[in-house]
Each structure stands twice: as C-alpha cells, then as structure tokens.
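**Q** A predicted structure for the sequence below; I have some questions about it.
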Amino acid sequence: MPASALIAEQSEIIRKGMVHLLEGSGLFAIIRETPCQASLFENLKKYKPDVLFVNPALIDSGFQEKLKSNPEIKIRLAALVYSLFDENTLRHFDEVIQINDTRAKILRKLNNLLKERTREETQPDQSLTVREIDVLRLLVQGMSSKEISSALFISTHTVMTHRKNITQKLNIKSVAGLTVYAMLNGFISIEELE
Amino acid sequence: MADLVASDPRSMVLVTRFGIDLGFGDQPIKRICQEKGIQTDFFLLMVNIFLNPLYFPDKKLKNVDVKLLLTYLVNSHEYYTREKIPLIQSLFSTFLARMDHPAKVQLERFFNEYIEEVIEHIEYEEKVAFPYIKELVSGEINPKINGKDKEYGISVFEERHTNIEDKLSDLKNLLIKYFPPSSDRFLRIRIINELFDLEQDLANHARLEDQILIPVVEQLEKQLNS
C-alpha cells in the first residue's frame, strides 16, 4: 500500500511547502493537511496516516497520552521545526525536519520515516487461519459469539478475538457481507445457510 | 460561483441542493446567494465542510440557518432516493443477471438489505428527527414544558447514525477483492465508481449533520432547558 501523510501546521506557506515536497518525493500517495489542532486526533483515528508531520507547538502532553492509549494508531511522528523548541519536546519525534534543511536531507529523512513500515509490510498474511474459518462458518449461519464458543469449546473472549481478526483481515464488517464472502470462497453452501 | 464548480466537481451536487441550478453564468457567489435568500457566510461554511474533510468550524456556528440546512438535507435525500440509488440498483441488477455463481442470491439479498436500510434511515430522519428540529426551532416544542417530548432529543438521533457506512464499504470490498474475475469488467468498474461516489457523498452528508446540525440543535435544547 502506498504511504499516506497528514500535515498539521498553521502556517499556510510551510504547510503548502510540505505538501509540495511530499508530492515531489513520490513516496506518499495520499497527502492530507489541516491548519488546526482541534480535530487532529479524530483525523488521525479516521485516516490512519503513516506519518504525521506536525508543528510541535500543536502537540501537548495530552496528545501523547492519547496516542499511547490507542495502540491501533501506528503513526510515525515528524516535527516541522522553524522556531526554538526544547530538546525534550523534540525527543518524542521519530524525525525532525528543520526549516533550513536541504531537499536532499529532507528526502533522506522521509525515507527513514518509511523504512520501518516497508519492513513490516514484507510479510503480510491476510488469509484466514483454519480456526478463523470455523468461526466464520458458524457466524454466518447466524450463531452468536456465545453459541460459537460452546460449539468450538473455546471462550467467548477467544471468539471475539477471532471475529476481530477476521474483520481486520478481510476488511468486511457486517455479518451479511461476511456471508457473501464465505459463499464466494466455498466455505459454506446455500443448504447450510437455510 | 462558476470557479467553485469548475475547481471541484463535487460542488455540483452541493450547489443544486441549495436550489441553485447550473447555468448561473458569471454571477459571483454573493449575488446568487442574495437572490436565493441564502446567507453567504452559511453557504461558504457548508462548502468548506463539504469539500474539505479536515475543515472544522470553530465558532462560526452562529451563522447557521437551521431551516435552510434541513431543506438542504432533504434535497440530498431526494438525490439519493431518486437518482443515485436507482442508478446503482439498475447497474447492479444487470451485473447479477449476467452472473452465474451460487453466491448470487446472498449478494442480491445483501444489496437489497443495504438499500432498505438507507431508505429506512432517510425516512426516520424526515419523519422523526427533522420535524422535531423544526418544531424546536419555531418554538412549538419546549422540552421543559411538554413533558412527553422529553424522551426524544437530538442525542437519540446521534446514536442511530452509523453502520450504514460499514455495509457500503463491505459491498465495495467484496466487489474489489473477492468477486471472481468476470467478463463484465467495465460494468463492475462503473458500479464500484458509483459506490465510491455514494460513499463519499454520504460521508459528507453525515459530517454536515454531525458538525453543524447536531451541535446547533444541542445548543437550542440547552437554551430551552435552562
């Protein structure tokens, strides 16, 4: 998947400049921008960018804590620095981009930011495990998590974990949608559904 | 106005929902708004929210014309039910008719259920939520005096406001990823394109409701309750 970026910065010049640089780098397919911090966290949750380019002044300690308590948001933080910031503030960032950096230097930093990501992506396994298929089959036959747990002799908690993984792997959330998926892949026949 | 539409085709549906028809010539936004009795500030607020997902109105909510907003929302419902949904339905039924797969029945059922849900959601808004808001605005209900209305409030509306999006995205993913390749590739592309378009439009619609309608009505409820 191509990388996506969110740029949070009040200064129009800096923001548009960053957009331009990122576009020119060819590393980012989706680039979004926002001038305000009000809905920053919601936007992170919604768009799940790979990298957040942000003016450190827009980030407070509450933001850092929110990030920690939402481990599903995996972003890398890049600071856009054009005024003086305390070293301690900048320590939280994966990369610091300075206003006087050369183009080559910025490109190097962008590559660094995305390096880990490509490593993680080399072994994606999106196919369902045998157990997940078992759960899926029962689920689309209309069983509740509790019924599935007693049918398969596993805890409801485990059933929930399987369900979450199924949805995440397939990117299909509704039971009706999962039913179509199961049919298409021959995991279940029409007779079993009736 | 012409510049706005030319710069972003999404603004076409937005503008027509305000009762502004294409063919407005070179008139500036301000004049067109005046003619139609629309506050320019409010119009621009809507444009910004609609076209820029990251835009968040801060304190400008005082310019909101709730009645006009409701008209706008009803007009967009009409666009979904009279134009968009029938179009997707007809494309989809052609697609299904040419398909030979045991999963066909399930897919058809899933699709029909989804459409029913959207229509049900629209009817709910028009029959329950919008009339409530209208009465609230015109002062016919006062939550403090009319005890019977106390149970209903905008917070109920807010809760009912998800999961349609989930199903639409499921449908899209099924067509993109999991349907076996078929000879109908162009038809399939058209359907997926239409689904993307509807998805985006519905998301904008929901954002207008969440970011303008609900906060404004909440303010009103609070004023009336205090």
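**A** Thanks, I have it.
**Q** residue contacts, the residue in chain B positioned nearest to chain A?
**A** Across chain B, no residue is closer to chain A than B:D170, which sits at 3.2 Å (Cβ to the nearest Cβ). Yep, even glycine has a C-beta here, placed from its N, CA and C like the rest. Listed by Cβ atoms under 8 Å, 6 or more residues apart in numbering or on different chains, the contact set of B:D170 reads A:172-174, A:176-177, B:110.
**Q** repeat for B:M46
**A** With Cβ under 8 Å, 6+ apart, B:M46 has these contacts: B:14, B:18, B:69, B:72, B:208, B:212.
**Q** kindly report the residues of chain B close to chain A.
**A** Within chain B, the positions near chain A by Cβ under 8 Å from any Cβ of the partner chain are B:53-54, B:56, B:58, B:101-103, B:105-107, B:109-110, B:113-114, B:163, B:166-167, B:169-171, B:173-174, B:177-180.
**Q** from those residues, which land in helices?
**A** B:105-107, B:109-110, B:113-114, B:166-167, B:169-171, B:173 (DSSP state H).
**Q** now list the buried members of those.
**A** Those of those that meet the buried threshold are B:106-107, B:110, B:114, B:167, B:169-171, B:173, by 16 or more other Cβ atoms under 10 Å in any protein chain shown.
**Q** model confidence for the residue of chain B closest to chain A, exactly?
**A** Turning to B:D170, the model gives it a pLDDT of 91.
**Q** same deal with A:D125?
**A** pLDDT, read off for A:D125, is 65.
**Q** for the one helix or strand in chain A whose mean pLDDT sits lowest, packing partners?
**A** Lowest mean confidence among the helices and strands of chain A (mean pLDDT, DSSP states H and E): helix A:61-69, at a mean of 76. With contacts taken as 3 or more Cβ pairs under 8 Å, 6 or more residues apart in numbering or on different chains; DSSP states H and E, helix A:61-69 sits against helix A:40-47.
**Q** mind redoing it with 7 Å?
**A** Contacting helix A:61-69 under the criterion 3 or more Cβ pairs under 7 Å, 6 or more residues apart in numbering or on different chains; DSSP states H and E is no other helix or strand.
**Q** buried set for that helix?
**A** For helix A:61-69, by 16+ other Cβ under 10 Å, it's A:63, A:67.
**Q** what's the answer for stretch A:38-46, then?
**A** Buried residues in stretch A:38-46 (16+ other Cβ under 10 Å): A:39-40, A:43-44.
**Q** out of the residues you listed, flag the one nearest to chain B.
**A** Of the buried residues of stretch A:38-46, the one sitting nearest to chain B (Cβ to the nearest Cβ) turns out to be A:S39, at 4.5 Å.
**Q** ramachandran angles for the closest one?
**A** With angles defined as degrees, to the nearest 10, A:S39 sits at phi -110, psi 20.
**Q** is it true that it touches B:P53?
**A** No: judged on Cβ atoms under 7 Å, A:S39 makes no contact with B:P53 at a distance of 9.7 Å.
**Q** can you work out which residues contact both of these two?
**A** Between them, A:S39 and B:P53 share no contacting residue under Cβ atoms under 7 Å, 6 or more residues apart in numbering or on different chains.
**Q** what's around A:L58, how many residues?
**A** Using other Cβ atoms under 10 Å in any protein chain shown, A:L58 has 18 other residues around it.
**Q** likewise B:G37?
**A** Neighbour tally, B:G37, other Cβ under 10 Å: 9.
**Q** which residues touch it?
**A** So B:G37 contacts nothing (Cβ under 7 Å, 6+ apart).
**Q** what's the pLDDT at it?
**A** 89.
**Q** and B:L61, by the same measure?
**A** On the pLDDT scale, B:L61 gets 68.
**Q** point out where chain A drops to low pLDDT.
**A** Residues of chain A that meet the criterion pLDDT under 70 lie in A:1, A:116-125, A:194.
**Q** thinking again about what came up before, which one is the residue of chain B closest to chain A nearest to, not counting chain neighbours?
**A** A:G177 (3.2 Å; Cβ to Cβ, 6 or more residues apart in numbering or on different chains).
**Q** so where do the strands sit in chain A?
**A** Remark: strands assigned in chain A by DSSP state E are A:3-8, A:28-34, A:51-54, A:76-81, A:95-98.
**Q** indicate which one of those strands is closest to chain B.
**A** Using Cβ to the nearest Cβ, the strands of chain A put strand A:28-34 closest to chain B, at 4.0 Å.
**Q** neighbouring contacts of the closest one?
**A** Identification of contacts with strand A:28-34 by Cβ under 7 Å, 6+ apart yields A:2-8, A:15, A:19, A:22-23, A:40, A:43, A:47, A:49, B:54.
**Q** quick one: which of the residues you listed has the most company?
**A** Counting by other Cβ under 10 Å, top hit in the contacts of strand A:28-34: A:A5 with 28 neighbours.
**Q** enumerate every residue touching it.
**A** A:A5 neighbours (Cβ under 7 Å, 6+ apart): A:22, A:28, A:31, A:49-51, A:53.
**Q** pick out the residue closest to the middle of chain A.
**A** A:K48 (4.1 Å; Cα atoms, centre = their mean).
**Q** so who does the residue nearest to it when sequence neighbours are not counted touch?
**A** What sits nearest to A:K48 in space, not counting adjacent residues and going by Cβ to Cβ, 6+ apart, is A:I73, at 6.5 Å. Counting by Cβ under 7 Å, 6+ apart, A:I73 makes contact with A:44-45, A:48, A:67.
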